[in-house]
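Trainee: need the 3D shape of this:
(one chain, ligands or ions: 2)
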Amino acid sequence: MPRSPAPDRGSGTAPGQDRHAHEHGHRRRHGHGPAASWPEARALAARSGRSGQSGSAARAIGIRAGRLPLGQALGHVLAEPLVALTDLPPFDTSAMDGWVVSGPGPWNVREVAGAEARAGAGSYRDLGILAGRSAPATLPDGDAVRIATGARIPADANAVIRSEHARVDRATGLLHAEHQVLPGQDIRPRGQECRAGDRLMPAGALVTPAVLGLAAAAGYDTLVVVPRPRVDVLVLGDELLTGGLPHDGLIRDALGPMIGPWLRALGAEVSAPQRLGDDAAALRHALTTSDADLVITTGGTAAGPVDHVHPVLAEIGAELLVDGVAVRPGHPMLLARLKKDEEPVDGSAGSRGEAWNGGPYLVGLPGNPLAAVSGLLTLAEPLLRGLAGREPEVPYRAAVRDDVHGHPHDTRLVPVVHRVGSTADGRSASGYGSGGEGIGGAGTGGGPEYVVPLRYNGPAMLRGIAAADGLAVVPPGGVRSGTEVEILDLPWASAMPWTEGCFT
Ligand SMILES: Nc1nc2c(c(=O)[nH]1)N[C@H]1C(S)=C(S)[C@@H](COP(=O)(O)OP(=O)(O)OC[C@H]3O[C@@H](n4cnc5c(N)ncnc54)[C@H](O)[C@@H]3O)O[C@H]1N2
Ligand code: MOO
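Mentor: Ligands and ions are numbered 1, 2, ... in the order given. This next block holds a predicted model:
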């Protein structure tokens, strides 16, 4: 699949541009400075994360990073390369249950002293060399011994014959192979996978379940990891209910239940959402007392009478790094750096207990739920990736099945679902009608992957994104069917196994 670091900017204008977009104005939101372009905003968030990470890593090494037992390291990022502490396999090992033989056959069957088991009716059967047990030091030419998968191969042996490929002649007691025996067959030689000292994973790699398994196999009890960034979530809005049905102008808080798990899926350690209503003093208190690496607010980013985010940030002297982004939905999103704690008079470390060259970052997500998702992926995701010590995501592109309307000046993020079809534009793939409903059966065939734009993609809607597996980055002006656009993946796959319990 073609990959490009930059979103598509030159793909022409699709029919039926979003006329409503003009009503919002562009580049400049009322009351605040010029909006950053979407690529600029993401790049700035990523840079901020990486620069914050040097502080974070420094803190980590002094305070939190250190070593974690394997059982606690899932979802962290390796602070050091994973270097094999042993050869793998650590010794020549049998890949099959069968016979280990030396020299050409037929072979004399030898028994392993003490390795017999009762086989019923008072008779005993030789178990041969078992995994985890010692093996005879040598196997003389012309001899064969039973061996189990994973057992050590005696020196001088030259092959393993699977039990189903050999038979013992009862009359002579000799072992005969039923197929040609090749030297080394079904023996995993020591060091086949790695030698002690080989680099198995780079620093910056995410500790997945597979990495935990590899680390254990390679001799690790603990891993040196970058701590997960800690995030506080502040949910603003007096109109929000935490249970039951909407009533009397009140609505359910859709962001409190969504943002924490989403951030955890991105590798963060997230505190329970604090619901602050539309209370400027409560917001100020929460921002000035947070000891997280990142504070996320939802709502209150616009210029309404109870939109307190900008005024409070100004009051507490925060530095606005991004104030509005030319993206739909989500254009009022912002990124700021809060002021650091005052240095204690005695010159000792601050409340975080270490040298700290700035306060937490703040990402202000707009209150409209899909606009909040847009802010999460535009600003919080690259920032967190940097803070966690992870490599920047490699962007990828896919063709859109349908024309996608564009905003005249701003990037659009549109929920999509991936499909594989039998033609480049996917129109002949089964299971889809036109119109982008796209929640039906899967396309079949071995054709190229494409994405189907989903409906219900308005700023206040979650119905499209709930059915999506990605967000298409639609450049200003829109794109025609078949155009390749950048796709932002949704982290569901990695989110699934790492639910709250595993992360806390
Ligand atoms: N005069 C202008 N008004 C607005 C503009 C603008 O440019 N000029 N931008 C609009 C856009 S676009 C967005 S997005 C919103 C952003 O508003 P806020 O971040 O201040 O968010 P609120 O006003 O608090 O809420 C907006 C909307 O979302 C609902 N909401 C808020 N929080 C939640 C939640 N946790 N769960 C579910 N729904 C939530 C809230 O009830 C409002 O309906 O501003 C526009 N206005
Ligand atoms: O259009 Mo507003 O930017 O997010 O919903």
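Trainee: nearest spatial neighbour of whatever residue of the stretch 301-450 of the chain ends up closest to ligand 1, skipping sequence neighbours?
Mentor: Per Cβ to the nearest ligand atom, Gly367 is where the stretch 301-450 of the chain lies closest to ligand 1, at 2.5 Å. No exception for glycine: its C-beta is placed from N, CA and C like everyone else's. Spatially, and ignoring its direct neighbours in sequence, Gly367 is nearest to Gly299 (3.2 Å; Cβ to Cβ, 6 or more residues apart in numbering).
Trainee: related to what we said a few turns ago, so how far is Glu239 from the residue of the stretch 301-450 of the chain closest to ligand 1?
Mentor: According to Cβ to Cβ, to the nearest Å, Gly367 and Glu239 sit 9 Å apart.
Trainee: one step back: surely the residue of the stretch 301-450 of the chain closest to ligand 1 is in contact with Thr298?
Mentor: Yes: the pair Gly367 / Thr298 is scored as a contact, 6.1 Å apart, by Cβ atoms under 8 Å.
Trainee: which one's more surrounded, the two?
Mentor: Neighbour count, other Cβ atoms under 10 Å: between Gly367 and Thr298, Thr298 has more, with 32 against 25.
Trainee: which residues in the stretch 301-450 of the chain form strands?
Mentor: 319-323, 325-328, 334-337, 361-365, 396-400, 411-420, 449-453 (DSSP state E, counting those that start in this stretch).
Trainee: nearest to Ser374, of those strands?
Mentor: When those are compared by Cβ to Cβ, strand 411-420 sits nearest Ser374, at 5.0 Å.
Trainee: how far away from the center of its chain is that closest one?
Mentor: On the basis of Cα atoms, centre = their mean, to the nearest Å, strand 411-420 sits 19 Å off its chain's mean C-alpha point.
Trainee: offset the numbering so it begins at 20, please.
Mentor: Happy to do that; since the first residue is 20 now, the last one works out to strand 430-439.
Trainee: just want the angle from it to strand 468-472.
Mentor: 130 degrees (axes from the mean of the first three to the mean of the last three Cα atoms, to 10 degrees).
Trainee: mind listing the strands strand 430-439 pairs with, and their directions?
Mentor: strand 344-347 (parallel), strand 468-472 (antiparallel), strand 489-493 (antiparallel) (DSSP bridges).
Trainee: mind listing what's buried along it?
Mentor: Buried residues in strand 430-439, defined by neighbour count with 16 or more other Cβ atoms under 10 Å: Thr430, Arg431, Leu432, Val433, Pro434, Val435, Val436, His437, Arg438.
Trainee: who's the closest residue to Val433 other than its chain neighbours bridged to?
Mentor: What sits nearest to Val433 in space, not counting adjacent residues and going by Cβ to Cβ, 6+ apart, is Ala491, at 4.7 Å. For Ala491, the beta-bridge assignment (DSSP bridges) gives partners Val433, Ile506.
Trainee: closest to ligand 2 out of the strands of the stretch 320-469 of the chain?
Mentor: Ligand 2 lies closest, by Cβ to the nearest ligand atom, to one member of these: strand 344-347, at 5.3 Å.
Trainee: convert that closest one to PDB, retaining C-alpha atoms only.
Mentor: The C-alpha coordinates for strand 344-347 follow below in PDB (Å, rounded to 0.1, in the frame of the first residue of the first chain):
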ATOM      1  CA  VAL A 344      -7.200  23.600  14.100                       C
ATOM      2  CA  ALA A 345      -8.500  23.800  10.500                       C
ATOM      3  CA  VAL A 346     -10.300  20.500  10.800                       C
ATOM      4  CA  ARG A 347     -14.000  19.500  10.800                       C
END
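Trainee: returning to what we had before: for ligand 2, see how far away the residue nearest to Val433 is.
Mentor: 16 Å (Cβ to the nearest ligand atom, to the nearest Å).
Trainee: also Leu255?
Mentor: 15 Å.
Trainee: surely that residue and His327 touch.
Mentor: Yes: at 7.1 Å, Leu255 counts as touching His327 under the criterion of Cβ under 8 Å.
Trainee: now do the shared contacts for those two.
Mentor: Overlap of the contact sets of Leu255 and His327 (by Cβ atoms under 8 Å, 6 or more residues apart in numbering) consists of Asp297, Leu302, Gly319.
Trainee: nearest to Gly90 among those?
Mentor: Closest to Gly90 out of those is Leu302 (38.0 Å), distances taken as Cβ to Cβ.
Trainee: I'd guessed the closest one sits against Thr316; true?
Mentor: Yes: using Cβ under 8 Å, Leu302 is in contact with Thr316, at 7.4 Å.
Trainee: which of the two has more neighbours?
Mentor: Between Leu302 and Thr316, Thr316 has the larger neighbour count (other Cβ under 10 Å), namely 32 against 25.
Trainee: how much space is there between the more buried one and ligand 2?
Mentor: According to Cβ to the nearest ligand atom, Thr316 and ligand 2 sit 14 Å apart.
Trainee: next: Tyr239.
Mentor: 45 Å.
Trainee: and if you look at Pro495?
Mentor: Distance of Pro495 to ligand 2, computed by Cβ to the nearest ligand atom: 15 Å.
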